[in-house]
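# Show me the folded form of this:
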Amino acid sequence: MDRQLKRQLGLVFGFVFVDLLGYSLILPLLPYYAETFGATLTLVGLLGTSNAVAQLIAAPIIGRMSDRYGRRPLLIFSIAGTVLSFLVLGLARTLPMLFLSRILDGLLGGNIALARAYITDVTDEKSRSRGLGIIGAAFGLGFIIGPAMGGALSRFGYNVPALVAAGLSLVNLIAVVLWLPESLRREVALAATPPRPRASVSLQALREALKRPCMGPLLQVLLLYGLAFTLFQSNFALFTKERLGLEAQSTAFVLTYVGLLSVLVQGVAIGRLTDRFNERPLIMMSAMVLAASLPLWAFVPNVLSLLVILAPIALAAGVLNVVLTSQLTKSVYRDEVGGTLGLSASLQTLAQIVAPGLGGLLLDLVGPWSVGLLGGLIMLGALVVIRRRVLTISESDMVSCSAAT
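Next up is the predicted model:
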């Protein structure tokens, strides 16, 4: 890996880390902040849903625009939107202002999809998984540090973490403006404007993308994985409370352990794995581990067994997320990468809208074990798609699907 590439990846790591640090500062505190304005539990849930729906609409548009105008201008626009949304959140005096801040963040965000597109631009096929893994590592590190910082800052008021997050995002904006060069070659950006069909932003375009021979199966697996893992992730705290009787502080320590595992997997292990194994067999192996370990998680009898089963879950989820994204970027033309990653972000957002409510319903009506069992069943469905449609894609098919990559 040459010096210039290391510098660019280092800048992207710093950008994603600071972005996630700001986000994780305020995320655990939003319910408490909203309650100070008289929000009911239903309205607190809608606060998160409004952000997810806005992302669902905007992510493909921002990704597609980055294919045409470049990653750097859209990153600047997106981060500026994040600064604005955090400022509105920190200065909020009414519940509608809280909703406005989350909707603005969803509509003007898209930072992570743009970071993935940037890494795709500056890496070759051999080093792409390693490069994309740094985003996962930055995620893990941000979520280790952010909640603890947010909790400490909240002693001075729930708006203080939001204002600090705005400051961190402003630092990000300045850093991108000063130091991050454009990654998209001019000839590739110009190629994004011809009459040849491209990944657009309508529901029809999403349906068409799901039917495409190389991209479609990968998007289907991504959606199923997103549903299964978001069921696990969004209901984890409720699961540990109901199943193991853990208090909030103990659950926070367990989540810190998961964050450390995520950093190790995506920052260190992913590069070694992709050097040794082909990516599509890694997709199969990771899905198999998740299909087996999520049901086991559902029946853990104590904290020690929980910590043990979280290791293969973190390993498999980290590898699957990175390798699926890497394969997705290799399944389309170079000038479709931003739009395609936007579509994938929308599918993941769709999972984030559906899974929390579904998991809560299962926890309430069936029991804590049902969430993990359903996640395992969904991953079995993903395994069927992988076996029948992903592993059967030939190298010649991939070349024809991504001739410009």
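# export the strand or helix carrying residue 227 as PDB, just CAs?
Taking DSSP states H and E as the criterion, the element that holds residue 227 is helix 215-234. The C-alpha trace of helix 215-234 is given here as PDB (Å, rounded to 0.1, in the frame of the first residue of the first chain):
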ATOM      1  CA  MET A 215     -25.800  -6.700  -8.100                       C
ATOM      2  CA  GLY A 216     -29.300  -8.100  -7.300                       C
ATOM      3  CA  PRO A 217     -28.400 -11.200  -5.300                       C
ATOM      4  CA  LEU A 218     -25.800  -9.200  -3.300                       C
ATOM      5  CA  LEU A 219     -28.500  -6.500  -2.400                       C
ATOM      6  CA  GLN A 220     -30.900  -9.300  -1.400                       C
ATOM      7  CA  VAL A 221     -28.400 -10.800   0.900                       C
ATOM      8  CA  LEU A 222     -27.500  -7.300   2.300                       C
ATOM      9  CA  LEU A 223     -31.200  -6.700   3.100                       C
ATOM     10  CA  LEU A 224     -31.600 -10.100   4.800                       C
ATOM     11  CA  TYR A 225     -28.400  -9.600   6.800                       C
ATOM     12  CA  GLY A 226     -29.500  -6.100   7.700                       C
ATOM     13  CA  LEU A 227     -32.800  -7.400   9.000                       C
ATOM     14  CA  ALA A 228     -31.200 -10.200  11.100                       C
ATOM     15  CA  PHE A 229     -28.400  -8.100  12.500                       C
ATOM     16  CA  THR A 230     -30.600  -5.100  13.300                       C
ATOM     17  CA  LEU A 231     -33.000  -7.300  15.100                       C
ATOM     18  CA  PHE A 232     -30.000  -8.400  17.300                       C
ATOM     19  CA  GLN A 233     -28.500  -4.900  17.600                       C
ATOM     20  CA  SER A 234     -31.600  -2.800  18.200                       C
END
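# Show me what the helix or strand just after it is packed up against.
Downstream of helix 215-234, the next assigned helix or strand under DSSP H and E is helix 236-239. On a contact count with 3 or more CB pairs under 8 Å, 6 or more residues apart in numbering; DSSP states H and E, helix 236-239 meets helix 248-264, helix 337-365. All C-beta spots, glycine's among them, are computed from the backbone N, C-alpha and C.
# Okay, angle between the shortest one and helix 215-234 too, please.
With axes from the mean of the first three to the mean of the last three CA atoms, to 10 degrees as the basis, helix 248-264 and helix 215-234 are set at 150 degrees to each other.
# Can you list the buried residues in helix 248-264?
Neighbour counts over helix 248-264 (16 or more other CB atoms under 10 Å) mark 251-252, 254-259, 261-264 as buried.
# ditto for stretch 302-321
Buried, per 16+ other CB under 10 Å, within stretch 302-321: 306, 309-310, 312-321.
# can I get the residues you listed in TSV with secondary structure?
Putting the buried residues of stretch 302-321 into TSV (DSSP: H, G, I helix; E, B strand; the rest coil) gives the following:
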residue	secondary structure
306	helix
309	helix
310	helix
312	helix
313	helix
314	helix
315	helix
316	helix
317	helix
318	helix
319	helix
320	helix
321	helix
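# Show residues contacting stretch 260-273.
Counting contacts by CB atoms under 8 Å, 6 or more residues apart in numbering, the residues outside stretch 260-273 that touch it are 129-130, 132-137, 139-141, 143-144, 282, 310-311, 314-315, 318-319, 321-323.
# where does the stretch 251-400 of the chain have low pLDDT?
394-400 (pLDDT under 70).
# With distance to residue 236 added, can I get the helices and strands packed on helix 236-239 in TSV?
Shown next, in TSV, are the helices and strands packed on helix 236-239 (distance: least, CB to CB, whole Å):
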stretch	distance to residue 236
helix 248-264	7
helix 337-365	9
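# Okay, domains of this structure per the record?
Following automatic domain parsing, the chain resolves into domains at 1-179, 198-405.
# Would you reformat these as JSON lines and include distance to residue 185?
Formatted as JSON lines, these follow (distance: least, CB to CB, whole Å):
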{"stretch": "domain 1-179", "distance to residue 185": "8"}
{"stretch": "domain 198-405", "distance to residue 185": "8"}
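# ok, residue 174 - how many residues close by?
When neighbours are defined as other CB atoms under 10 Å, residue 174 has 11 of them.
# Can you check what pLDDT the model gives it?
Looking at residue 174, its pLDDT stands at 95.
# repeat for the one 5 residues further on
pLDDT recorded at residue 179 is 91.
# Spatially, which residue comes closest to it, not counting chain neighbours?
residue 11 (5.9 Å; CB to CB, 6 or more residues apart in numbering).
# mind checking how far the one you found is from residue 18?
11 Å (CB to CB, to the nearest Å).
# Look at the two and report which has more neighbours.
Neighbour totals were compared for residue 11 and residue 18, and residue 18 leads with 20 against 16 (other CB under 10 Å).
# I'd say that one and residue 171 touch.
Yes: counting by CB atoms under 8 Å, residue 18 touches residue 171, with 6.4 Å between them.
# Now do the shared contacts for these two.
Here residue 18 and residue 171 have no joint contacts, going by CB under 8 Å, 6+ apart.
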